[in-house]
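> just to be clear, the model below is a prediction. Sequence and coordinates:
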Amino acid sequence: MRELWTTGHKVELPEMLDGRESRARLQKQILEFCPDCSLICFTMNIAGPIKTNALIGRAFFIGCAAIEDVLSRAGISAERQIRELPYGNEAYYVVSEKEQSAEDLKRLTILVEEEHDLGRLFDIDIIKKDGNKVSRSDVGLSERRCLICGKKAAQCASTRAHTVSELKRVTEEMIFDHLRFEMGPETVCDMAFVSMMNEVAVTPKPGLVDLSNNGAHTDMTPALFEKSAGAIKDYFGECFSQGRELAAGRVPSGSVLGAIRPRGVLAEESMLKATQGVNTHKGAIFSLGIICAAWGYAGGFDIERILKTAGEIAAPIAHEEGLRGIAGGARTQAASGFAAIRDVSLPAFELAIKRGLGVNAAGVFALLGLIGGITDTNMIHRGGKTLAAKAGELVGKFFRSMKEKLENPDLADKNALEDELLLKASEFDGFFIENNLSPGGSADLLMLTLFCRMIKDIGE
């Protein structure tokens, strides 16, 4: 599941070289503009072709905060300039040499590299006004040590003593271990964005937008979902913070929904502006907003407790759907503590992963369990109760058959099961498109399932 946070743009060598030249030009321009200053340049030390994504980006901003903290404690004021680039994020701080010498800056920032939990991943250069870097040896310190074996890092790098996959694994473990204790709204925003985009990426999804087609929709594409997710991701961090604040103030959980509703209205406005009126993530704003608030309120990484808290938060509005005769929709699901996630999709996802299926296939399997196991009001709205029930019954029958095979390793090998699963999902996709069916409620629950699995993954 960590692949959900550790995939991203793969940088090719020409792009990497262009990035280095661009960084050198910018450093020169800054020093020319500030001739009596030293320059702090901060980047991440990441092995492999993927230099930035949600996980690495979160670690980068943690590093920025650590640098700013050590400067502040030394009485140094420095404005930050950030460049978020596909070949790696960069942060720059300009410090007058009258305020602090370049060598003293090096000693200060080495404290970050040596003492911070993620310091081995931080690459903090101090560049003097003449353009030369201050090395560790210039301030009487030894070379940096290898992330894995503790020997001199330069020696291990030159001999390629460790594989990229080994370095990547250790890097990921370091960041995840740190985030267990540094969970904040920024991380929740990243997780929300990733879960929304990975729901889109699961392919094939019957009647829904995925990487193969736009399903039963004529007004939605993966690119539009990305714009929408980017426009609203900060809202989910706000929900998390609001939940945490209300819990600290001992405010009853039933009052949380009223507190986050005004933010939800603003998020919906941002979504519609980004999509020019297309409703891409209204369900996510409601359901994922509640789960993020519940996470903040409950704390920790216990999914059972978080979902139970979500049910308490949503309880005041559960009766609204019953009064409108559409029990089973988003409000009912939320008030149940998202029982469909707890009882169907999350166990299905984890069963598929345990059996050896890939993340994508596990997502497809979880979605089919939802389509076949809940009352999806979006399908009823598009095709009526009879057709929606028929489609759910067909999908549910296949899901139960596949679940039996996954639970019994002797029935088929994992490759055959994955092929069968994806082929049947593709057939369902054709049926759903032909009948204009879109299980949007199930899609939202799949997105929440991926989000909940991330929470578990961090906590394990």
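That came through fine.

> residues contacting the closest residue to residue 141 other than its chain neighbours?
Leaving aside its sequence neighbours, residue 141 sits nearest to residue 110 (CB to CB, 6 or more residues apart in numbering; 6.4 Å). In short, each C-beta sits where N, CA and C put it, glycine included. Residue 110 makes contacts with 124, 136, 139, 141, as judged by CB atoms under 8 Å, 6 or more residues apart in numbering.

> and for residue 242?
For residue 242, the contact set (CB under 8 Å, 6+ apart) comprises 256, 259-260, 263, 293, 296.

> between all of the residues you listed, which two are separated the most?
Based on CB to CB, the longest span within the contacts of residue 242 runs between 263 and 296 and measures 12.7 Å.

> need the overlap of contacts for those two.
Jointly contacting residue 263 and residue 296 under the rule CB under 8 Å, 6+ apart are 239, 242.

> higher neighbour count, those two?
More crowded of residue 263 and residue 296, by other CB atoms under 10 Å: residue 296, with 28 against 18.

> and that one, which helix or strand is it part of?
helix 282-298 (DSSP states H and E).

> that older thread, name the helix or strand for the residue nearest to residue 141, please.
Residue-wise, residue 110 maps onto helix 102-115 under DSSP H and E.

> after that helix, heading C-terminal, what element do we hit next?
strand 122-127.

> distance between that next one and the chain's centre?
27 Å (CA atoms, centre = their mean, to the nearest Å).

> ok, of the contacts of residue 110, which come out buried?
residue 124 (16 or more other CB atoms under 10 Å).

> just the ones of the contacts of residue 110 in strands?
residue 124 (DSSP state E).

> where does this structure dip in pLDDT?
In the predicted model of the chain, residues 1-6, 180-183, 318-328, 460 satisfy pLDDT under 70.

> longest helix of it?
Of all segments of type helix in the chain, defined using DSSP state H, the longest is helix 377-407.

> quick one: that one to helix 282-298, angle?
Helix 377-407 and helix 282-298 are oriented at 60 degrees to each other (axes from the mean of the first three to the mean of the last three CA atoms, to 10 degrees).

> other SSEs contacting helix 377-407?
With contacts taken as 3 or more CB pairs under 8 Å, 6 or more residues apart in numbering; DSSP states H and E, helix 377-407 sits against helix 346-355, helix 359-371, helix 414-434, helix 440-459.

> which one of those lies closest to residue 26?
Here helix 440-459 is closest among the helices and strands packed on helix 377-407 (CB to CB), at 34.7 Å.

> can you point out the buried residues in the closest one?
Those would be 440-455, 458, for helix 440-459 by 16+ other CB under 10 Å.

> relative to helix 282-298, how tilted is it?
Going by the same axes, to 10 degrees, helix 440-459 makes 30 degrees with helix 282-298.

> got the angle between helix 440-459 and helix 359-371?
130 degrees.

> specify the angle between helix 440-459 and helix 346-355 in degrees.
Counting by the same axes, to 10 degrees, helix 440-459 lies at 60 degrees to helix 346-355.

> for the longest helix of the chain, buried residues please.
Neighbour counts over helix 377-407 (16+ other CB under 10 Å) mark 377-380, 382-383, 388, 391-392, 394-396, 398-399, 402-403, 405-406 as buried.

> how about the strands in the stretch 1-150 of the chain?
Along the stretch 1-150 of the chain, the stretches classed as strands by DSSP state E, counting those that start in this stretch are 37-44, 80-83, 90-96, 122-127.

> identify all contacting residues around the third one.
So that's strand 90-96. By CB under 8 Å, 6+ apart, strand 90-96 touches 23, 26-27, 30, 34, 36-43, 60, 63-64, 67, 71, 76, 78-83, 105.

> each with direction, which strands does it pair with?
When pairs are called by DSSP bridges, strand 90-96 turns out to pair with strand 37-44 (antiparallel), strand 80-83 (antiparallel).

> which one of these is the most hemmed in?
strand 37-44 (a mean of 22; mean count of other CB atoms under 10 Å).

> pull the CA atoms of that strand into PDB?
What follows is strand 37-44, C-alpha atoms only, in PDB (Å, rounded to 0.1, in the frame of the first residue of the first chain):
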ATOM      1  CA  CYS A  37      25.200  37.300   1.800                       C
ATOM      2  CA  SER A  38      25.500  33.600   2.100                       C
ATOM      3  CA  LEU A  39      22.900  31.300   0.600                       C
ATOM      4  CA  ILE A  40      21.300  28.200   2.200                       C
ATOM      5  CA  CYS A  41      20.200  25.800  -0.500                       C
ATOM      6  CA  PHE A  42      18.100  22.800   0.700                       C
ATOM      7  CA  THR A  43      17.100  19.800  -1.300                       C
ATOM      8  CA  MET A  44      16.200  16.200  -0.500                       C
END
